[in-house]
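In: sequence and computational prediction follow.
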Amino acid sequence: MIINTIFESLDSAQIFGLDFLHPEDFVQLIGRTVYNLFWVFIPSYFLYFRKKGDKDYFFTLIIASIVVFQICILLGSVSLRFGFALGLFAVFGILRYRTNSIPAREMTYLFMVIGISVKNAVANVNISLAELVATDVLTILVAFIIELYLSKIKLQKKRVVYDRTDLIKPEKYGELLADLSQRFGLQVEKADIGPIDLIRDRAELIIYFKAVEGIRFFDSVKDY
């Protein structure tokens, strides 16, 4: 009885023109936030970060999903239109930073966690909990299967500048791969030919090789 009286007094109290507390809405907010964070954490940590993901992007995935979820669910209480939620989703989905553009893999995970957050936030009485859980599970399951398939391929790529244009011929493709493998000490599986400078006798290549332990390649300077 006393607890109900306290909740009723808090429900009617206002600070800065805002109601101090709506008990039912507050409990729902906490519960749905935990639910959303659970489903966002699984792909962000176990699928992305554990698979040689970057800690800075892992931080971005978690925080961006939380902020988007909070905006959608809080503004939803004042009749947020679904079109606005999709617009917010698109803005964050094409997010770029001034230093380096987001790589495709990181961009895809950002797109996924924002999508999960928006979906979990705008879900209403027309969507059952079973349907919501099913869509979250299916999304993560598909991502897991793709990651599992790609991990079996175990091919990495690297952009290099090559100084032997005489080997850049269809009939000498085997010699090209052998020369690249010998120089890098890696088993180069294939090579894509880029711009060729005949004056300086060099060409840009993208080589594909089997993943190795103890060394990591990157094509742009990045702060870690």
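Out: Cool, got the structure. Numbering: from 1, shown residues only.
In: how about Phe209: what's its closest non-neighbour residue?
Out: Leu186 (4.3 Å; Cβ to Cβ, 6 or more residues apart in numbering). Where you see a C-beta, it was placed from the backbone N, CA and C, and this is true even at glycine.
In: mind checking how far the lengthiest helix in the chain is from the chain centre?
Out: Ranked by residue count, the top helix of the chain under DSSP state H comes out as helix 129-153. In terms of Cα atoms, centre = their mean, to the nearest Å, the centre of helix 129-153 is set 14 Å apart from its chain centre.
In: by contact count, what packs against it?
Out: If you count contacts as 3 or more Cβ pairs under 8 Å, 6 or more residues apart in numbering; DSSP states H and E, helix 129-153 packs onto helix 104-122.
In: residues contacting Lys119?
Out: Applying Cβ atoms under 8 Å, 6 or more residues apart in numbering to Lys119 gives the contacts 132, 135-136.
In: got JSON lines for those, with neighbour count and pLDDT too?
Out: As requested, those are exported to JSON lines (neighbours: other Cβ atoms under 10 Å; pLDDT from 0 to 100):
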{"residue": "Leu132", "neighbour count": "16", "pLDDT": "89"}
{"residue": "Thr135", "neighbour count": "17", "pLDDT": "91"}
{"residue": "Asp136", "neighbour count": "20", "pLDDT": "93"}
